[in-house]
Structure formats: structure tokens, C-alpha cells
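1. quick one: sequence plus predicted model below, questions after.
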Amino acid sequence: MPPSIQPGQRDAAGRARGSQQRSDQPSPSRRSVIPPAQGQPRTSGQPSSGSGRPPAPQRAPQQPQNGERSQPGSRPGSIPPSQRGARPDGASQVQAPPPAPRRRKRHRPCLTAFLVILALIVAGLIALVVWINSNLQTVPALSGAPDTPGDTYLIVGGDSREGWDGPDTVEGQRTDTIMVLHRPEEGPTALISIPRDSYVEIPGNGSNKINAAYVFGGPELLVETVEDLTGLTVDTYMEVGFTGVGEIVDALGGVELCYDQDVSDWRSQLEWEAGCHMADGDTALAFSRMRYSDPLGDIGRAQRQRQVVGAVAEEVLKPSTLLNPTKLVPVANAAFDAFTFNEGTTAFDLGQMALALRSGLGDQAVTGTPPIANLGYRVQGVGSTVLLDPDQIDQFWDDIADGAFEPGSAVGGIE
């Protein structure tokens with residue numbers, strides 16, 4: 001009879017068999033479900049609960065160095081970001097990104113060419129200004145009177161016959177053409193011709209023909225006389241010699257002029273067939289001087305003089321002239337010989353005058369003469385003169401100064 005097994009022995013035997021069976025079968029690897037105490041890693045001598053093999057050795061947490069603080073939310077024993085990827089030899093495991101390739105400078109030939117052209121243009125303009133300023137002929141002319149609103153220019157055609165072989169040679173120099181160009185602060189620009197035989201008061205010399213003022217006192221007295229007549233202070237004085245008009249026209253290659261009557265005038269030597277024609281220098285000069293064959297006399301001559309001035313200015317200001325050195329230089333040289341300005345005139349002043357003249361020759365400009373009472377007013381000791389209307393003359397110049405006339409209107413003359 002086998003010996004009886006006590007209940008306590010049966011339990012011990014069963015546990016022994018169960019332990020032997022579990023040892024015969026491989027146990028699945030798993031981590032301990034009980035974490036080690038914080039800051040105390042498990043060692044190889046501490047068995048893992050529920051595992052048949054010792055746990056893997058744990059590395060001790062690295063302590064912050066050089067005052068580093070642990071990052072919030074980092075696990076104990078984690079490696080600080082500043083030390084991640086560090087190798088034992090101190091070299092970084094993270095490869096630095098390769099340096100960005102150097103960008104090659106892009107050449108911009110268009111920009112370079114533009115800057116070179118711009119520099120040449122600026123240099124050319126500076127040289128042109130210096131050249132003009134150094135070649136201008138100037139004389140004392142302005143009176144120094146208080147300035148008046150707007151810009152006023154006095155344009156005078158000198159009647160010296162030096163170099164002229166025509167039949168009407170006269171002694172001395174007079175003013176064959178007198179024009180007042182006024183650009184008001186508001187209103188249209190006006191170009192007004194004053195008949196050279198206008199009977200006016202000449203300061204210090206009594207009453208006489210206005211062109212006699214030049215004989216008595218040169219440009220200064222003429223400017224003062226015009227200022228007394230008009231009430232406008234002259235800002236710029238320009239005088240062109242008698243033969244200078246022809247030289248400028250020839251340098252331009254001729255200008256187109258129009259007149260609707262046939263003319264054969266022995267005094268001015270103008271031979272003209274009614275209509276429009278290209279005129280050379282001599283023809284343009286005779287065209288602007290002729291008056292005896294014109295029924296309107298001085299009035300008609302003043303109209304033709306404005307036409308010649310306008311035609312010359314139009315040709316000079318064309319790009320084909322200004323941008324063509326082979327044409328501009330001869331024109332400028334002819335102008336230097338022909339024109340005289342008041343002292344202190346510069347290339348800048350000439351530019352302003354050119355703009356004002358272009359405005360004064362446009363279809364919106366006011367043109368004409370002062371109001372005239374009598375074209376054949378005879379004065380003892382003076383001869384035949386042009387009598388300006390004493391009842392309208394003052395108001396006329398006030399309206400010119402204020403720009404009160406309608407744009408494009410013809411004013412003055414004989415009613």
C-alpha cells in the first residue's frame with residue numbers, strides 16, 4: 001500500500017512539477033511590468049519579476065552638465081538634446097549640411113549699356129551748357145525795375161546794314177522788329193508786335209518813334225521805353241542782327257513761308273509768287289522786311305516777321321535738328337553770331353525762352369499789335385508815325401498782363 005501523501009506534500013509536489021514543466025518550455029521575453037524606482041536602475045543581480053532571465057543592464061541617467069537643466073517632459077536617463085548624436089570620440093554623428101553653392105554674379109548687359117548711354121547723355125548736356133554759356137554774346141540791357149507777374153521777353157530785330165548790299169542802306173542801327181512775348185501766370189501766352197514807327201514817349205528824350213530809343217540809348221533805353229509803354233518789366237532781352245536771320249535760315253536748310261500775294265519789291269528785293277514756298281536766308285530776310293508793297297504796311301510786315309520767327313523756332317526745336325550734331329552745330333554757331341542777350345543770360349534762360357516762344361507761336365496764343373488810331377500820323381520834325389490809340393492802350397496792356405484775352409485771338413490793329 002503506497003504511502004499516503006499529505007495534503008501539504010501534494011501541493012509542494014504539484015508546484016515542483018509545474019515549475020519543471022515551465023522550465024522545459026521556453027518562456028516568452030517580456031519586460032517587467034513593475035518599473036524600477038526612479039533614479040535607481042536595476043542591476044544584473046536583480047531578477048525581473050515574471051521573467052526567467054535577468055533583465056538587460058540599464059545605463060545610469062546622465063546628469064546635466066555646465067548648468068544645463070533637464071528639458072521639461074524628458075524621461076529620466078534621457079540624453080540632453082545638446083548631446084544627442086555625440087560619439088565617444090567627441091565627433092558629431094550628425095553630418096553638417098554642405099555649404100550652399102556660391103551664386104555666380106549675373107551680368108546684365110542691358111543695364112550696363114543703359115547706364116553708359118545715360119552717362120554719355122548727361123556728360124553731353126553738361127558740355128553743351130558750358131559751350132552755350134561760353135559763347136553767348138551779352139550786353140547791358142535790363143533796367144532793374146521791380147518785377148511784374150509772369151515772364152516778359154523783348155525780342156528785337158536790329159536793322160544794321162553791315163554786310164548788306166541792298167539799295168536801302170542806312171547809317172547807324174535801328175530796331176526793325178520789336179516784339180513783346182509775355183507768358184502770364186494764368187491765361188494764354190501773347191506775342192505782340194509793336195510797330196517800329198509807333199509814336200511814344202522816350203524817357204529823357206521826349207516823344208518820338210519807338211525805334212529811335214535804340215539810337216538814343218541802346219538796348220537799355222529801348223527796354224525802359226517798352227516798360228513805360230506796356231507796364232511790364234522785361235525779364236530777358238534778345239536782339240538778332242539784320243543779317244543773322246538769313247544765316248540761321250541757311251544753316252537750317254531753309255524754312256517754309258506763306259504769303260497770298262505776288263510781290264516784286266525793289267527796296268527789300270523780295271520776289272514772291274503767291275502761295276507757300278521754301279525760302280532760303282536771303283528770301284526770308286526780304287520777306288520779313290518788306291512793307292512798301294504790302295497794303296497793310298507795318299501791320300503786314302509785323303505779321304510776316306512773326307511768321308519767320310515761328311518758322312525758324314519750329315525748325316530749331318525739331319528733334320531732327322536738336323539730335324543731329326552735324327545740323328545743330330552750324331545752327332548754333334549762326335545763332336551765336338546773330339543773337340545778343342542781356343547780361344546774366346544762361347543756357348537755362350534760353351531753354352525757358354524757347355518754351356515760351358513755342359507757346360507764343362501756337363494756335364492758342366494771343367497775337368497782334370497794340371490798338372492803332374492812325375497808321376499815317378504825321379509829326380513835325382519826326383515824319384510819318386503810327387499813332388497808338390490813347391483811349392485803349394493802357395487797358396490793352398493790362399489785359400495782356402492778366403491773360404484776359406481769349407486763347408487764339410488776334411488783338412489790336414486798326415478797328
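-> Received it, and whenever you're ready, just let me know what you need. Numbering: from 1, shown residues only.

2. what residues sit buried inside stretch 393-413?
-> Counting neighbours by 16 or more other CB atoms under 10 Å, one finds that the buried residues in stretch 393-413 are 393, 396-397, 399-401, 403, 405, 411-412. To be clear about C-beta, it is placed using only N, CA and C from the backbone, and glycine gets the same treatment.

3. out of those, which comes closest to residue 230?
-> Distance to residue 230 across the buried residues of stretch 393-413 (CB to CB) is lowest for residue 397, with 4.7 Å.

4. any chance of the buried residues of stretch 393-413 in CSV, plus pLDDT and distance to residue 336?
-> As requested, these are arranged in CSV below (pLDDT from 0 to 100; distance: CB to CB, whole Å):
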residue, pLDDT, distance to residue 336
393, 95, 36
396, 96, 35
397, 97, 33
399, 96, 36
400, 96, 31
401, 96, 32
403, 94, 33
405, 95, 35
411, 93, 34
412, 90, 34
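
5. save those residues as JSON lines, and put in distance to residue 198 and secondary structure too.
-> Converted to JSON lines, those look like this (distance: CB to CB, whole Å; DSSP: H, G, I helix; E, B strand; the rest coil):
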{"residue": "393", "distance to residue 198": "10", "secondary structure": "helix"}
{"residue": "396", "distance to residue 198": "13", "secondary structure": "helix"}
{"residue": "397", "distance to residue 198": "13", "secondary structure": "helix"}
{"residue": "399", "distance to residue 198": "18", "secondary structure": "helix"}
{"residue": "400", "distance to residue 198": "15", "secondary structure": "helix"}
{"residue": "401", "distance to residue 198": "19", "secondary structure": "helix"}
{"residue": "403", "distance to residue 198": "23", "secondary structure": "coil"}
{"residue": "405", "distance to residue 198": "20", "secondary structure": "coil"}
{"residue": "411", "distance to residue 198": "15", "secondary structure": "strand"}
{"residue": "412", "distance to residue 198": "11", "secondary structure": "strand"}
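
6. what's the closest of these to residue 300?
-> Taking the buried residues of stretch 393-413 together and measuring to residue 300 by CB to CB, the closest member is residue 412, at 13.8 Å.

7. for the closest one, which residues are in contact?
-> By CB atoms under 8 Å, 6 or more residues apart in numbering, the contact set of residue 412 is 192, 368-372, 396.

8. now which of these would you call buried?
-> Using 16+ other CB under 10 Å, the buried ones in the contacts of residue 412 are 192, 368-372, 396.

9. what about those residues, which are in helices?
-> Secondary structure from DSSP state H places residue 396 of the buried ones among the contacts of residue 412 in helices.

10. so which of the buried ones among the contacts of residue 412 belong to strands?
-> Secondary structure from DSSP state E places 192, 368-372 of the buried ones among the contacts of residue 412 in strands.
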